[in-house]
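Engineer: what would the 3D arrangement of this be:
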Amino acid sequence: MTCQAPPYQPQQVRFVDQLSLVAAQSAVRTSRHFLRFALAKWQAALIEDDVLLVASELVTNAVTVTGVLPEPPAWGELERLGLVHVRLVGLPDSVVVEVWDESDEPPRLQRVGDDAEGGRGLLLVQELAERWGSYRTTGGKAVWAQVAVRPPLPRRPTGEGRGGRPATPPGPDPALLRRVRAGLDAAL
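Structural biologist: Numbers count the residues shown, from 1 in each chain. Alright, predicted model coming up:
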C-alpha cells in the first residue's frame, strides 16, 4: 500500500464529525456508537453496517499499534496514555472513515491461513471500501477508507402488487365494522 492522502478536497466535504479516544479495548465499541449516531444524524443509515465494520477494523488496528492500556489503567500508566482519533467525513456520494494512531508503520495487507483467528481486518476493509489508503501525520499515521453511499433499493409500487392484490394493506372495511359493532351491542 502506497501512502496517499484521503480522496477528497475541502470543497467536497458536506459533513465532518470527529472523536478522540484512549487506546483501550473500549475504543472500538465507543467509536461504533459515535459513528452510528453521526450516520443517523446525516441520514446515511443505508451504509451503517459497512461503515461500522470498516471503522471497527481500523480502530482495532490503531489501538493495537498505539499500545493497549488495561481497563481501568493504574494511576502510573496514565502518563503513557495513547490516543486514537476517528473522523467521519461526508461527501456527496460517499463517506470517508479516517483513523489516526501513533505508529508511523504503514498498514499492510496480510495473507492468513484459513485457521488463523485474526489478520483479516484490512482484507475486509479492502472488500467493503471503494478505496482505502494511509498517509503519515505528525506523530504517526492516518488510515482512511471511502465507503460509497449506495442508492436505496427501489420501492415496491403502491398500486397493484402480486396476484392483483394491493401492495399496501387495505383500509378499514365499513361493512365489517358495522357487523362487529352489531355483534357487540347484541352481546351486551
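Engineer: contacts, neighbours, all on C-alpha from now
Structural biologist: Fine.
Engineer: can I get the lengthiest helix in the chain in CSV, CA atoms only?
Structural biologist: If you go by DSSP state H, the chain has its longest helix at helix 48-66. Only the C-alpha atoms of helix 48-66 are listed here, as CSV (Å, rounded to 0.1, in the frame of the first residue of the first chain):
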residue,chain,number,x,y,z
GLU,A,48,-24.2,1.9,8.5
ASP,A,49,-23.2,-1.7,8.6
ASP,A,50,-20.3,-1.3,6.1
VAL,A,51,-19.0,1.9,7.8
LEU,A,52,-19.2,0.3,11.3
LEU,A,53,-17.3,-2.8,10.1
VAL,A,54,-14.6,-0.8,8.3
ALA,A,55,-14.2,1.5,11.3
SER,A,56,-14.1,-1.4,13.8
GLU,A,57,-11.2,-2.9,11.8
LEU,A,58,-9.3,0.4,11.5
VAL,A,59,-9.8,1.4,15.2
THR,A,60,-8.8,-2.1,16.3
ASN,A,61,-5.5,-1.8,14.3
ALA,A,62,-4.9,1.7,15.7
VAL,A,63,-5.4,0.6,19.3
THR,A,64,-3.1,-2.4,18.8
VAL,A,65,-0.2,-0.3,17.3
THR,A,66,-0.7,2.6,19.8
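Engineer: please identify the buried residues of it?
Structural biologist: 48, 50-66 (16 or more other Cα atoms under 10 Å).
Engineer: and stretch 123-130, by the same measure?
Structural biologist: By neighbour count on 16+ other Cα under 10 Å, the buried set for stretch 123-130 is 125-126, 128-129.
Engineer: show me how far the longest helix of the chain is from its chain's centre.
Structural biologist: 9 Å (Cα atoms, centre = their mean, to the nearest Å).
Engineer: with stretch 103-112 instead?
Structural biologist: 21 Å.
Engineer: state the mean pLDDT of that stretch.
Structural biologist: In this model, stretch 103-112 has a mean pLDDT of 79.
Engineer: quick one: the helices in the chain?
Structural biologist: In the chain, the helices defined using DSSP H lie at 26-41, 48-66, 121-128, 174-187.
Engineer: could I get these as a markdown table with distance to Trp144 and mean pLDDT?
Structural biologist: Formatted as a markdown table, the helices of the chain follow (distance: least, Cα to Cα, whole Å; pLDDT from 0 to 100):
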| stretch | distance to Trp144 | mean pLDDT |
| --- | --- | --- |
| helix 26-41 | 14 | 94 |
| helix 48-66 | 8 | 93 |
| helix 121-128 | 10 | 86 |
| helix 174-187 | 59 | 78 |
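Engineer: mind giving me JSON lines with those and columns for distance to Val16?
Structural biologist: Compiled in JSON lines, those are given as follows (distance: least, Cα to Cα, whole Å):
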{"stretch": "helix 26-41", "distance to Val16": "9"}
{"stretch": "helix 48-66", "distance to Val16": "14"}
{"stretch": "helix 121-128", "distance to Val16": "21"}
{"stretch": "helix 174-187", "distance to Val16": "52"}
